[in-house]
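In: Dropping the sequence and predicted coords here.
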Amino acid sequence: MLTPDETSRYARHLVLKGIGGQGQQKLKAAKVLAIGAGGLGSPVIAYLAAAGVGTLGVVDDDTLSLSNLQRQIVHRTGDIGRLKTDSAETFVEAINPNVRFVAHSLHIDGANAAEAVANYNIVLDGCDNFETRLTVAEATEKAGIPLISGAVSMFDGQVTVFAPHRVRPDGKPAPRFRDLYPQTPDSADLPSCEAVGVLGAVTGVIGTLMAMEAIKLITGIGDPLIGRLLLYDGRAARFTELNY
């Protein structure tokens, strides 16, 4: 049941056709894990906490630096030097104390990925390197957990949903991570944000879309980006969709 505080807090959801009380209860019961509390993780954390996701886990072993603040909006100048999981928890407690925050202050890898994702219904990956993205994808695939994957570079971004445990209308399994990325790219082909830069608002666009996909999956509304890659060109203000 929703408390009086929650009924007032989520009033715009409760009158929204397709969400309503049933959808809000699903959000409250959901257990969601965000990989990364950086540029993409920040809007994911902010909007899922505000939406009333019951349990929000965050994986990040990094500490906040001044250069992060151009795009990592759940952190503050006074948080510099703190673990990002700690400052993200402070943000979540301030915006919605009804959310249970679980900090995983660790670097996710092949040894701990399965354990990290095990207790969650949905995982959102906003990390900044391909190796970790592949590790998370393999762990969620084995666990049968939907994975929302986002990436950004310079003025552009992309988002998709992997759910190979689901069956498409044609009876075949939904696409896997390796269906979109059959080969591991060379590191030189994936320059870091430190090397080429990223416009802060682009992380907001993609991270918010990731949060939207999570809400759709939790509540059952709409058509998730399963088997579809949504590309965003910030300079042209244009979205392109590719099927895979």
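Out: Structure's in. What do you need? Numbers count the residues shown, from 1 in each chain.
In: So which bits of the longest helix along the chain are buried?
Out: In the chain, taking DSSP state H as the definition, the longest helix is helix 200-219. Applying a neighbour-count criterion of 16 or more other C-beta atoms under 10 Å, one finds 202-219 buried in helix 200-219. For every residue, glycine as well, the C-beta is placed using N, CA and C.
In: can you check stretch 192-200 too?
Out: Cys193, Val198, Leu199.
In: nearest residue to the last one other than its sequence neighbours?
Out: Right, the one you point to is Leu199. Phe155 (5.5 Å; C-beta to C-beta, 6 or more residues apart in numbering).
In: where's that neighbour relative to Pro164, distance?
Out: Phe155 sits 31 Å away from Pro164, going by C-beta to C-beta, to the nearest Å.
In: sorry, back to before: for the residue nearest to Leu199, give its distance to Asp170.
Out: 36 Å.
In: Counting neighbours, go ahead and name the busier of those two.
Out: Neighbours per residue (other C-beta atoms under 10 Å) separate Phe155 from Asp170, with Phe155 holding more: 15 against 5.
In: Verify the stated contact: His13 with Ile19.
Out: Yes. Between His13 and Ile19 there is a contact at 4.7 Å, judged by C-beta atoms under 8 Å.
In: center of the chain - which residue?
Out: By C-alpha atoms, centre = their mean, the chain has its centre lying nearest to Leu124, at 3.2 Å.
In: which ones are touching it?
Out: 32-35, 41, 44, 147-150, 210-211, 214 (C-beta atoms under 8 Å, 6 or more residues apart in numbering).
In: Which pLDDT value does the model give it?
Out: Listed pLDDT for Leu124 reads 98.
In: so it sits in a strand?
Out: Yes. Counting by DSSP: H, G, I helix; E, B strand; the rest coil, Leu124 is found in a strand.
In: Can you tell me the SS state at the closest residue to it other than its chain neighbours?
Out: Closest residue to Leu124 apart from its sequence neighbours, by C-beta to C-beta, 6+ apart: Ile148 at 4.5 Å. The local conformation at Ile148, judged by three-state DSSP, is strand.
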